[in-house]
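Chemist: need the 3D shape of this:
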Amino acid sequence: MDGQGIGQLAYLGLLGAALVGYMVVSHRGQLGKMAQNAALWALIFVGVIAVVGLWPGVRDQVAPRQSFVGEGRIEVPQSFDGHYRMVLDIEGTPVTFIVDTGASDMVLSRSDAQRAGLRPETLAYTHQAQTANGRVPIARVVLDEVRLGGLADRNVPASVNGGEMDVSLLGMSYLSQFGRLEIEGGRLTLIR
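Modeler: Predicted coordinates:
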């Protein structure tokens, strides 16, 4: 914790002590009732903190996923944040991607590459990619198998990002395998 954080913590501690002191003095004859109210507010506070902390996991669980409508046809609903997310099996491991038509390649984050068994620490990051955050090193890889529903592709070229990246990107090198991409009414439809 830096100096500013310590200062903020000290300020909040003093403010809390002042509030507790005021409550004790003003409710001298009703300390039991005051303790009940304090416990209730503490539970409300803990509940709010829990909801805020758990929200990303809950959001991901209730967010709609892609559906496979028919042979070679996939519909992906738009996420709450405006992106289209898809789950592909990379080497047998489910990986969540954001569809990014501005990305040239299928780009795996280091953590997703690790989960898929690619061992990113052993890869050669000899290429560069231009991103919104500047240039980053990438390692070219070939994925033995990529599955999207009933569709399976073999020897799929991809990249592993050498920089920090929260989520993997599904770029045009993979999306171009579909004959048609349509976005209408908050749905992305991929047709092969």
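Chemist: how far does whichever strand in the chain runs longest sit from its chain's centre?
Modeler: As assigned by DSSP state E, the longest strand anywhere in the chain is strand 134-148. With C-alpha atoms, centre = their mean, to the nearest Å as the basis, strand 134-148 stands 19 Å off its chain's centre.
Chemist: that one - contacts with which helices or strands?
Modeler: Here strand 134-148 touches strand 85-90, strand 127-131, strand 151-161, going by 3 or more C-beta pairs under 8 Å, 6 or more residues apart in numbering; DSSP states H and E. (C-beta placed from N, C-alpha, C; glycine too.)
Chemist: as a markdown table, those with mean neighbour count would be great.
Modeler: Below are the helices and strands packed on strand 134-148 laid out as a markdown table (neighbours: other C-beta atoms under 10 Å):
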| stretch | mean neighbour count |
| --- | --- |
| strand 85-90 | 20 |
| strand 127-131 | 13 |
| strand 151-161 | 17 |
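Chemist: wait, residue 147 touches residue 88, no?
Modeler: Yes: counting by C-beta atoms under 8 Å, residue 147 does reach residue 88; the two are 6.6 Å apart.
Chemist: picking that back up, just put the helices and strands packed on strand 134-148 in CSV and tack on distance to residue 76 and mean pLDDT.
Modeler: CSV is the format used below for the helices and strands packed on strand 134-148 (distance: least, C-beta to C-beta, whole Å; pLDDT from 0 to 100):
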stretch, distance to residue 76, mean pLDDT
strand 85-90, 6, 93
strand 127-131, 23, 88
strand 151-161, 14, 94
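Chemist: if we can go back for a sec, now the longest strand of the chain - C-alpha only, PDB.
Modeler: C-alpha atoms of strand 134-148 as PDB (Å, rounded to 0.1, in the frame of the first residue of the first chain):
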ATOM      1  CA  GLY A 134       0.900  -0.300 -29.100                       C
ATOM      2  CA  ARG A 135       3.200  -3.000 -30.400                       C
ATOM      3  CA  VAL A 136       3.400  -6.400 -28.600                       C
ATOM      4  CA  PRO A 137       5.500  -9.500 -29.200                       C
ATOM      5  CA  ILE A 138       3.600 -12.500 -30.400                       C
ATOM      6  CA  ALA A 139       4.500 -16.200 -31.000                       C
ATOM      7  CA  ARG A 140       3.100 -17.900 -34.100                       C
ATOM      8  CA  VAL A 141       1.600 -21.400 -33.300                       C
ATOM      9  CA  VAL A 142      -0.400 -24.000 -35.200                       C
ATOM     10  CA  LEU A 143      -3.300 -25.500 -33.200                       C
ATOM     11  CA  ASP A 144      -3.900 -29.200 -33.800                       C
ATOM     12  CA  GLU A 145      -7.700 -28.900 -33.400                       C
ATOM     13  CA  VAL A 146     -10.200 -26.100 -32.900                       C
ATOM     14  CA  ARG A 147     -13.900 -27.000 -32.300                       C
ATOM     15  CA  LEU A 148     -16.900 -24.800 -32.500                       C
END
